[in-house]
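Asks: I'll drop the sequence and a predicted model, then ask my questions.
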Amino acid sequence: MERRSFVQGAGLAGVLAAGMAPAIVHAQANIRWRLASSFPKALDTIFGAAEVMAKKVGEMSGGKFQISVHAGGELMPPFGVLDGVANATVEMAHTAPYYFFGKDPTYALDCAIPFGLNSRQMTAWMYEGNGLKLTREFYAKSNIINFPMGNTGAQMGGWYRKEIKSLADVKGLKMRIGGFGGKVLERIGGVPQNIPGGEIYQALEKGTIDAAEWVGPYDDLKLGFNKVAPNYYYPGWWEGGPQLSLYVNSKAYEGLSAEYKAIIESAAAYAHVEMQARYDARNPAALKTLVSQGTKLFRFPKDVMEGAFKGAMEVYAELNASNPAWKKIYDDYSNFRRDANLWFRFTESGFDDFMQSQKL
């Protein structure tokens, strides 16, 4: 059979399976990019999403598009990656956008805000709602194009040296809390600390902080927080579905061929799904291990949850009045949240409530 007729008949999947890269791949240039992560290598789930994406890009490009992944602090500080991509110091970054709420609270809407969307709702808003369109308009000023790339699912509420029995116990509490959650913690009397993941253990061990949140059982067990703070609270009301993002320098991205652009988009989407799958598969066993080692689980008291919710709504109302960029995206986000929660109340919540009351 002639090569040309074989390629036409087999399709792309058949061609690749036969070990014959089609001409469209052969025509692409060899490219090497660098990706700066905000996370330490020890966290194979959250840092690993960038590695998964880079591997897929290499595979889909026939090895012609290579991306080296660098842990937080290796090329630049963990919280320096936004500027790194904006200034074209690196072509890509993988981060939690709410880290940059100090520059503009609007960044948090590309990740998580207190009492916001859960992970499925966030993905729906980004891909099927106006989320990706609106956030890309916002990022354009920073020469960045963003892609959803990972979600942890709803997080735990963190580790506390002392029990939190009421809202009064939050007063003066020095807590490592990521991004936007700190603004609301201040409203209920807490003192937020913005500390990179790799530095949390030492701060908690030394008593520099009284409490810390990270993600959930799998990562928290790896970081050893249970050794220095035995009280583990839930839920993480500030992170109901925190989404991680891939940042790509817009000029670098526009310099790519259409095929390479499609490869980045596809690889990021693959990593987006895999990251939460890893967390959902690994958190249950990790939680059992933590409990077996003496961790005490507590649900946040009702007055803490209600106080935090009230504080969050106050913050959002103030931002709506003072920050046009925030208001433009939040108006759409909050409308989507309202309708999504109505739907989830009848389906997901009803099903989960029953199933989680059963002995399985």
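Replies: Sure, I can see it.
Asks: Quick check: which ranges of the stretch 101-250 of the chain have low pLDDT?
Replies: For the stretch 101-250 of the chain, no stretch has pLDDT under 70.
Asks: would you list every one of the strands in it?
Replies: Ranges of strands in the stretch 101-250 of the chain, per DSSP state E, counting those that start in this stretch, are 144-151, 158-160, 174-176, 191-193, 211-212, 231-234, 243-249.
Asks: And the residue nearest the centre of the protein?
Replies: Nearest to the mean C-alpha position of the chain, counting by CA atoms, centre = their mean, stands L244 at 2.6 Å.
Asks: ok, and the closest non-adjacent residue to it?
Replies: Leaving aside its chain neighbours, L244 sits nearest to G150 (3.7 Å; criterion: CB to CB, 6 or more residues apart in numbering). Where you see a C-beta, it was placed from the backbone N, CA and C, and this is true even at glycine.
Asks: So the one you found sits against F47, correct?
Replies: No: G150 is beyond contact range of F47, at 10.1 Å (criterion: CB atoms under 8 Å).
Asks: Name all residues that sit in contact with these two at the same time.
Replies: Common contact partners of G150 and F47 (CB atoms under 8 Å, 6 or more residues apart in numbering): H94.
Asks: When those two are compared, which one has more neighbours?
Replies: Set G150 next to F47 and count neighbours by other CB atoms under 10 Å: G150 wins out with 28 against 20.
Asks: for the lengthiest helix in the chain, packing partners?
Replies: Longest helix in the chain by number of residues (criterion: DSSP state H): helix 258-292. With contacts taken as 3 or more CB pairs under 8 Å, 6 or more residues apart in numbering; DSSP states H and E, helix 258-292 sits against helix 48-60, strand 144-151, helix 217-223, strand 243-249.
Asks: other SSEs contacting the third one?
Replies: Meaning helix 217-223. Under the contact criterion of 3+ CB pairs under 8 Å, 6+ apart, helix 217-223 touches helix 258-292.
Asks: Correct me if wrong: P192 contacts M175.
Replies: Yes: here P192 reaches M175: they are 6.2 Å apart, a contact under CB under 8 Å.
Asks: Overlap of the contact sets of the two?
Replies: Common neighbours of P192 and M175, using CB under 8 Å, 6+ apart, are L185.
Asks: Distance to L109 added to the strands of the stretch 101-250 of the chain, as JSON lines?
Replies: Below are the strands of the stretch 101-250 of the chain laid out as JSON lines (distance: least, CB to CB, whole Å):
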{"stretch": "strand 144-151", "distance to L109": "11"}
{"stretch": "strand 158-160", "distance to L109": "22"}
{"stretch": "strand 174-176", "distance to L109": "22"}
{"stretch": "strand 191-193", "distance to L109": "19"}
{"stretch": "strand 211-212", "distance to L109": "24"}
{"stretch": "strand 231-234", "distance to L109": "24"}
{"stretch": "strand 243-249", "distance to L109": "10"}
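Asks: The ones you listed: which one's closest to E137?
Replies: Between E137 and these, the shortest gap by CB to CB is with strand 144-151, which sits at 10.6 Å.
Asks: Just say helix, strand or coil for the closest residue to E74 other than its chain neighbours.
Replies: Once flanking residues are discounted, E74 sits nearest to A36: 7.5 Å by CB to CB, 6+ apart. Under DSSP: H, G, I helix; E, B strand; the rest coil, A36 falls in the strand class.
Asks: what's near enough to touch A36?
Replies: Residues in contact with A36 (CB under 8 Å, 6+ apart) are 70, 72, 74-76, 80-81, 84-85, 90, 92-94.
Asks: let's see it at 10 Å
Replies: Applying CB atoms under 10 Å, 6 or more residues apart in numbering, we find A36 in contact with 50, 68-78, 80-82, 84-85, 89-95, 247.
Asks: Buried members of those into PyMOL, please.
Replies: Buried residues among these (16 or more other CB atoms under 10 Å), as a PyMOL selection:
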select buried, resi 50+69+70+71+72+73+75+76+78+80+81+82+84+85+89+90+91+92+93+94+95+247
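Asks: quick one: which of the contacts of A36 sit in strands?
Replies: Using DSSP state E, the subset of those located in strands is 68-70, 92-95, 247.
Asks: possible to save those as CSV with distance to Y330?
Replies: Below are the ones in strands among the contacts of A36 laid out as CSV (distance: CB to CB, whole Å):
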residue, distance to Y330
S68, 36
V69, 32
H70, 33
M92, 27
A93, 24
H94, 25
T95, 21
Y247, 21
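Asks: quick one: which two of the residues you listed are the most distant?
Replies: Farthest pair in those (CB to CB) is S68 and T95. Separation: 16.6 Å.
Asks: can you count the residues close to G190?
Replies: 22.
Asks: Over to Q358?
Replies: Neighbour number of Q358 under other CB under 10 Å is 6.
Asks: what are the pairing partners of the helix or strand following the longest helix of the chain, and which direction each?
Replies: Moving toward the C-terminus from helix 258-292, the first helix or strand encountered (DSSP states H and E) is strand 296-299. Counting by DSSP bridges, the strands paired with strand 296-299 are strand 231-234 (parallel).
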